[in-house]
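**Q** Turn this into a structure:
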Amino acid sequence: MTAEALEKFRNAGDFIWADCRNEYELIQKIRENNPRIIISEYFQISEKAMATSESLRGVVAWGVGYDHVDVEAASKRGIYVANTRGSNAESVAEHAFSLILALSRRIVVLDNFVKTGRWSTREESGIPSSWFPVDLYGKILGIIGFGAIGSRVARIASGFGMRIIVFDPYLTTQDPRLNGIQLVGLKQLLKESDFVTVHVSLNKETRGMIGEKELNLMKHTAYLINTSRGPVVDEGALVAAITKGKIAGAGLDVFENEPIEPDNPLLGFDNVVLSPHIAGGSVEALNATALTVSEEAIRILNGQVPKNLVNKSELEKNGYLVGNSLK
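**A** Numbering: from 1, shown residues only. Next comes the predicted model:
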């Protein structure tokens, strides 16, 4: 954490980190400290935990995802839920595109080919034809979700001369962020794209949004990239699609269960590139996230509405939030 973020935290006080082994331990920690703020990266913040402290006023998610927080329960109790939207967008976008490059240029298998001593001829390097790299120039990139991360991926892809299409139900064709990029339906995106990259938050609408039906729409030469949340993609359907050659492969930073199980079939494919949920974990992103978390915590402690409030409409509906103040 940066010195600036640390200094802000020292001045804030009245918060705890949800760095516990189980819910019982978290509840004990809440009882002992009676905090006004809980900060959590992945640990589940349940209704039971929030009900432990009458003074609790906010839960700040360390990162963009907040599916580990019971937002409905928080909203019923008049508790702010905030995230750090945008703080790691550049990091995730670069990581997603790194996976695209690794797959298109066959970086992992070719690295292994050289290091294991199998490079024995200069004639086409002696590699199987299925390992020949493909260029990104002129290929179609389909971006699902065009927020802070998706739009940055588009910016990178444009530098490679890719054609970009976008699916985002919250955008209109007049949105200035598109800047000439075509907005299409999900079915069209899946059918046309050479690479499909997913950048959506996990919720009821997006859980399992890429399943067997969607994967069957993709080209057999296309790749799926997921740096959002594991459950957005039906992992069993993805394994089946790769096994049957329905798609060319995948680049994944997130999984249905994390850490990934040692017997997960995804570990056995040479056309799948994996990383350990680290897309948003660059040095720069971690520092920016720490600073944003501290700033949001201080706003809540000072009775202000956090900038990255994710349950605004729910708080208003329940009569807790009026204008820019919490009742």
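
**Q** only C-alpha atoms for contact and neighbour calcs from this point on.
**A** Will do.

**Q** where along the stretch 101-250 of the chain do the helices fall?
**A** Assigned by DSSP state H, counting those that start in this stretch, the helices in the stretch 101-250 of the chain fall at 107-115, 148-158, 186-192, 212-217, 235-243.

**Q** any chance of the ones you listed in TSV, plus distance to residue 68 and mean pLDDT?
**A** Converted to TSV, the helices of the stretch 101-250 of the chain look like this (distance: least, C-alpha to C-alpha, whole Å; pLDDT from 0 to 100):
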stretch	distance to residue 68	mean pLDDT
helix 107-115	32	95
helix 148-158	20	97
helix 186-192	27	98
helix 212-217	26	98
helix 235-243	20	98
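
**Q** Looking at those, spot the one closest to residue 81.
**A** The closest of the helices of the stretch 101-250 of the chain to residue 81 is helix 148-158. By C-alpha to C-alpha, the value is 19.3 Å.

**Q** Count the residues that sit near residue 134.
**A** Using other C-alpha atoms under 10 Å, residue 134 has 12 neighbouring residues.

**Q** which non-adjacent residue is nearest it?
**A** Nearest residue to residue 134 in three dimensions, chain neighbours excluded: residue 104, at 5.3 Å (C-alpha to C-alpha, 6 or more residues apart in numbering).

**Q** Report the contact partners of that neighbour.
**A** Counting by C-alpha atoms under 8 Å, 6 or more residues apart in numbering, residue 104 makes contact with 133-136.

**Q** What subset of those is buried?
**A** Buried subset of those (neighbour count, 16 or more other C-alpha atoms under 10 Å): residue 136.

**Q** wait, which of the contacts of residue 104 is closest to residue 112?
**A** Using C-alpha to C-alpha, residue 133 comes nearest to residue 112 of the contacts of residue 104, at 14.7 Å.

**Q** got TSV for the helices of the stretch 101-250 of the chain, with distance to residue 61 and mean neighbour count too?
**A** As requested, the helices of the stretch 101-250 of the chain are arranged in TSV below (distance: least, C-alpha to C-alpha, whole Å; neighbours: other C-alpha atoms under 10 Å):
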stretch	distance to residue 61	mean neighbour count
helix 107-115	33	14
helix 148-158	17	20
helix 186-192	29	19
helix 212-217	30	18
helix 235-243	25	18
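
**Q** Skipping adjacent residues, who's closest to the spatially most central residue of the chain in space?
**A** The centroid of the chain falls nearest to residue 228 when counting by C-alpha atoms, centre = their mean (2.6 Å). Once flanking residues are discounted, residue 228 sits nearest to residue 199: 5.3 Å by C-alpha to C-alpha, 6+ apart.

**Q** One more: residue 66?
**A** Counting by C-alpha to C-alpha, 6+ apart, residue 66 lies nearest to residue 83, which is 6.8 Å off, once chain neighbours are set aside.
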